[in-house]
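J.: With the input below, show me the fold.
(chains A and B)
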Amino acid sequence: MTGFLLRRILQSILVILAAFTITFILVRCAPGGPFSAERVADPEVIAQQEKAWGLDKPLPVQYFSDLGRLLKGDAGDSMKYKGWTVNELIADAFPLSLTIGFAAFLIAILIGLPLGVLAAVRKNSLTDYLAMGGSMLGICLPTFVLGPILALIFGIWLNWFNASGWYDKSDWVLPAFTLGLFYAAYIARLARAGMLDVLSLDYIRTARAKGLDERSVVGKHALRRAILPVISFLGPAFAGLISGSIVIERVFQIPGLGFHFVGAAQNRDYALAQGTVVFYAILIVGLNLVVDMIQAWLDPRTREGNS
Amino acid sequence: MLRRLLLLALVVGVVVWFGERRSKRPSRIAAAAEEGFLLVGNGAEPATLDLHVATGVPENVIISALFEGLVAYHPSDDYENPPGVAESWETEDFIKWTFHLRPDARWSNGDPLTAADFVFSYRRMLTPELGGEYAMILHVMEGAEQFNKGETDDFSTVGVKAIDEHTLEIQLVGPTPYFPSLLKHYTWFPVHRGCIEAAGEITDQKSRWTRPGKLVGNGPFTLKTWRFDAMIEVVKSDTYWDKESVSLNGIRFFPIASDTTEERAFRDGQLHVTNTLPIDRIAYYREEAPEYYWTGAQLTTYFYRVNTKANPALADVRVRQALALTIDRQSIVESVAKGGQRPAHGLVPPSEGGPYTTPDLLRFDPDAGRAKLAEAGFPDGEGFPRLTILFNTHESHKLIAQAVQAMWKKHLGIEVELLNQDWQVYLDSCGKGNFEIARAAWNGDYMDPSTFLHMWMKDDGNNQTGWSSPEYDSLLRKAGKTKDPSERYGLLQQAETIFLNEVPAIPIYWYATNRVVSTDVEGWHHKLLDNHPYKALRFRSVEAATPNPEDDKQ
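T.: Numbers count the residues shown, from 1 in each chain, chains lettered A, B, ... in the order given. Sure, this is the predicted structure:
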C-alpha cells in the first residue's frame, strides 16, 4: 500500500510539473507580451517593465525562479493587475467558482438523475418524451443563451433575484441553474440509457418474479448499477464546474476563476496563466489521487494491478 | 392522489410566497440613492490605481475620484479649465507657467498639499526605473524627456520648481497654449510621498500603496473598498478643499465587461450610470426611453492604417487616395456601426465650439477613386495585388471590414481578404509591420489636435505606416514653437492637410459615446473626453425619482 501511494504521489507531481512546463513555454511562444499595448510605449519603458518582472533574464533562469517560487507556494505577481499577487487573485476568485460549481453540481444530479430514471421506467410514455425532449433542449441550449433568458425572467420581470452581480446570499441561484441545467440534461440521458440497460437484465426479472414492488426493484436493485455511467461522468463534470466558466461569469458578473483562465491567456499575463493552470492541475490531480486511494483501499485488485 | 395534490399546492405556495417577498425588494439604485451613493458601470477592472503606471480609461474613471490636478474638470465644457489644486495661474509666453496653489488644499490624511508634492510626483513619473508608459505626456516640460530617458539623473535640470509652499513654477520646452487643458490628464496629478515610501521603493510598479487604508489622495473622495473584479467603493473626503460642493456621499464602481450584462443591470436597477450601451439597444432607448439615453461625440478616430512598406502598390500615394475615395463612410456609420458615430472628413475629431477646424477633405467619390487607381497603373483594378485587411477579432470590426471589402470590390474592382487576429497577436503584427492594411483607433488625451498629429512623425512608435514627410514633421515642430494660438492651429491644419492628401492611414469615422443614466442623477453632461467631475453630480429628491424603464413598460 505504501509503495502504491508513493508511486501515485510521484506520478501526480510529474503531471503538475508537466502542466507548469507546458504553460510556461506556451504563453511565451504566443505572439505579443504582457506589456504590449495599442499605444506603443518606448522600448526603454517596456524594457524597464520586463526587468521589474524578471522577463529580461534568460528563459531557463525564469523557468527555475518561477518553479522555485511555486514550490514555496507563491505564484508571483500579476503582470496585468499591478500590485496584486496571483495568489491573492486566485484566493479571491476560487471560493465563488467553488460555490457556484458545487451548487450547479447538486442541481445537475438532483434534476438529472430522477428525470432519467423516470423516463426509463415510463419508457415511450408522454413523461419519457417530455423528459428527453427537455433534456435535448438543455444540451442544445448554450449557457450564453440560457443565462440571459433566466436573468430576464427571474431577474428583471419577476424580480426574484438580482439579474447579475454578487451582492447577496441568493446570487448563486441563477448562475448555478444556468450551469447545472446543461449537466442535468446530460445526466438525465445517461441515467435513462443506463436504467434501460439494467431493467432488461435477468436479475431484475428475477426480482420482479419474486414479487417485489416496482419501487424497490428500480430504487434498490436497478439504480445502483444504472448510475455507473453517470458516476464516471460526474468526476470530470465536477472538476469542470468548479474551475469557473467565463461565460457564466460575464453574463452574471461574478468575479470567479474563469475570468482569470481566459483573461490571463488573452493578456499574456504569464504569472497569472501559470498560476491558474498549476492551481487547477493540483486540484484535478489531488482529486484523482483521493479517488484512487479510496478505490485501492476498497479493492485490492487495483493495487496489485499496478504493481 | 390527495397527497400529491397537497404536495403540489405546498410547492406552489412556497414559490408564490418567496416570489412575493423577493419582488418587493427596493431596487439597488433606490437604496443607494437613499445613502447618497452613486452606482457606476466601469467597463473593466482597473489594472492599477497608481496614476503613474495607469494607462487606460477604467483607471481614469476611478483615479479622477481619488485625485485632483492643478486644473479641475468642468462639468460640461471640455475647453473650460476651472481651478483645481491651483487657485490661479499665469504665463506670459506660454512657456513659463506659475501656479498658485490654494492654501487649504489637503491630502486625505490631513497633510497640507504643497508645491513640493508636485515636484516629487513629476520626478517619480519621469524616473526611468518606474517604467511609466505615459511619462511621455510630461515631456513638454523642459528637460523631462532627457531625465526620463536616463540621459541625466539630475532632476534639477527638469523644468519644475517649488518656489515656496504654494507656488509651483513649470518651464516648458516650447509655447504650449493648451497646457492647462493638458494638466487635466491624470499623469499630472499629485501623489503623496509618504504613502508611497511607506509601501516600498518609489519606483516599484508593483507597489501596493494604492490599497484601501494605504492610499492617500487629494480628490473629493477616498478609497474605502476594493474587491477585485467585483466593486470599488470611494467615500466623500473630509479633507477635500471643496467638500462643500460634493453632494454624493460615495460612489461604487462595478467593472462590468459585457455591455449586455451592464444594460441588464441598469434595467434591474443596479446602476445609475452605465459605461456603454449595446448597439442593438440604442434604438430602443433613443425612441422609447430618451430620458435615460446619453450620446455624443467622442475624441476618438477609427481608421485603417496602411503599411506603405508592405507592398509597392501601397507605397503609391495615388493607390492610397483611391482606397480612401471609395469608402462610403456615411453608409458605414448608418448601416454598419450604427452607434451615432460621425463619418470622418479628416483625422482630428472636430469639437463644437473648439478653436481648431479639421480640414474637410475626405470624400466618397468612386469615379475619382477609379481614376486615381488607373493613373497608378491599375485601370479597373487590373493587375492590382490582393490586399489583406487585418483587424482584431470583434464583430463590429468584421462587419466594417466586410463593408469596405465590398466597396473596394465594387468601385475599384480589387480583391481584398480579411484577416482577424486575437488582440495580442494583432498588436504584435502591427508592431512588427506584418500587415498591409490594419484597423486601428486613437483616443485623444487632451483638447488639442496635437494629440492626434504627433504620432505620424517619423520614428514615432505609433506611426507604424512606414510613411513620413519632412514637411509634415517640420510643420509640427514649427507649431511647437509658435506662441500665437491661431497661427499655431493654422500650422497644425497644414500638417493635417498633408496627412489627408497622402493618407498613410484612412480615417473612417469618429466615435460616439452611448450610455444610459438614471433620471435620479442631476448634473450629468456629455463630455468629449468623458471625464466627469463627480462633485458636480447630485441626486434629485427621492420622491421625484422616476422608475426604471422596465417598470414603464409594465
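
J.: how about the residues of the stretch 151-300 of chain B near chain A?
T.: Within the stretch 151-300 of chain B, the positions adjacent to chain A are B:204-208, B:210-211, B:227-230, B:254, B:256-258, B:260-261, B:264-265, B:267-268, B:270 by Cβ under 8 Å from any Cβ of the partner chain. Yep, even glycine has a C-beta here, placed from its N, CA and C like the rest.

J.: Give me the longest strand you can find in chain B.
T.: When chain B is parsed with DSSP state E, its longest strand is strand B:293-306.

J.: C-alpha coordinates for that one, PDB please?
T.: Extracted in PDB, the C-alpha atoms of strand B:293-306 (Å, rounded to 0.1, in the frame of the first residue of the first chain):
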ATOM      1  CA  TYR B 293     -30.200  58.000 -23.200                       C
ATOM      2  CA  TRP B 294     -26.900  60.000 -23.500                       C
ATOM      3  CA  THR B 295     -25.000  60.100 -26.700                       C
ATOM      4  CA  GLY B 296     -22.400  62.500 -28.100                       C
ATOM      5  CA  ALA B 297     -19.200  62.900 -29.900                       C
ATOM      6  CA  GLN B 298     -16.100  61.300 -28.500                       C
ATOM      7  CA  LEU B 299     -12.400  62.300 -29.100                       C
ATOM      8  CA  THR B 300     -11.600  59.100 -30.900                       C
ATOM      9  CA  THR B 301     -10.900  58.200 -34.500                       C
ATOM     10  CA  TYR B 302     -11.400  54.900 -36.200                       C
ATOM     11  CA  PHE B 303      -9.100  54.400 -39.100                       C
ATOM     12  CA  TYR B 304      -7.300  52.000 -41.400                       C
ATOM     13  CA  ARG B 305      -3.600  52.100 -41.100                       C
ATOM     14  CA  VAL B 306      -1.800  51.500 -44.500                       C
END
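
J.: Who are the packing partners of that strand?
T.: Where contact means 3 or more Cβ pairs under 8 Å, 6 or more residues apart in numbering or on different chains; DSSP states H and E, strand B:293-306 is packed against helix B:279-288, helix B:317-325, strand B:437-443, strand B:505-516.

J.: okay, these in JSON lines with mean pLDDT next?
T.: Below are the helices and strands packed on strand B:293-306 laid out as JSON lines (pLDDT from 0 to 100):
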{"stretch": "helix B:279-288", "mean pLDDT": "94"}
{"stretch": "helix B:317-325", "mean pLDDT": "97"}
{"stretch": "strand B:437-443", "mean pLDDT": "96"}
{"stretch": "strand B:505-516", "mean pLDDT": "97"}
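
J.: Which parts of the stretch 151-300 of chain B are strands?
T.: Assigned by DSSP state E, counting those that start in this stretch, the stretch 151-300 of chain B shows strands spanning B:160-164, B:167-171, B:221-227, B:231-236, B:250-254, B:293-306.

J.: now swap in the stretch 101-250 of chain A and tell me
T.: Shown for the stretch 101-250 of chain A, no strands are assigned by DSSP E, counting those that start in this stretch.

J.: What residues does it have near chain B?
T.: A:148, A:151-152, A:155-167, A:170, A:250.

J.: now, which of those residues lie within helices?
T.: A:Pro148, A:Arg250 (DSSP state H).

J.: I'd like to know which of the residues of the stretch 101-250 of chain A next to chain B are buried.
T.: By neighbour count, with 16 or more other Cβ atoms under 10 Å in any protein chain shown, these hold A:148, A:151-152, A:155-156, A:159-166, A:250 as buried.

J.: can you redo these as a markdown table with pLDDT?
T.: Output for those, formatted as a markdown table (pLDDT from 0 to 100):
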| residue | pLDDT |
| --- | --- |
| A:Pro148 | 95 |
| A:Ala151 | 95 |
| A:Leu152 | 95 |
| A:Gly155 | 93 |
| A:Ile156 | 93 |
| A:Asn159 | 91 |
| A:Trp160 | 92 |
| A:Phe161 | 93 |
| A:Asn162 | 94 |
| A:Ala163 | 94 |
| A:Ser164 | 94 |
| A:Gly165 | 94 |
| A:Trp166 | 92 |
| A:Arg250 | 92 |
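
J.: between those, which is nearest A:Gly101?
T.: A:Gly101 has its nearest neighbour among these in A:Trp166, at 14.5 Å by Cβ to Cβ.

J.: That closest one: what's it in contact with?
T.: Going by Cβ atoms under 8 Å, 6 or more residues apart in numbering or on different chains, A:Trp166 touches A:Leu96, A:Gln253, A:Ile254, A:Pro255, B:Ala230.

J.: Equivalent analysis for B:Arg370, please.
T.: Residues near B:Arg370 by Cβ under 8 Å, 6+ apart: B:Ala322, B:Thr326, B:Asp380, B:His411, B:Leu412.

J.: What's the local residue count around the nearest residue to the third one once chain neighbours are set aside?
T.: Put plainly, it is B:Asp380. Nearest residue to B:Asp380 in three dimensions, chain neighbours excluded: B:Gly413, at 4.6 Å (Cβ to Cβ, 6 or more residues apart in numbering or on different chains). For B:Gly413, the neighbour count with other Cβ atoms under 10 Å in any protein chain shown is 15.

J.: Thanks a lot, see you next time.
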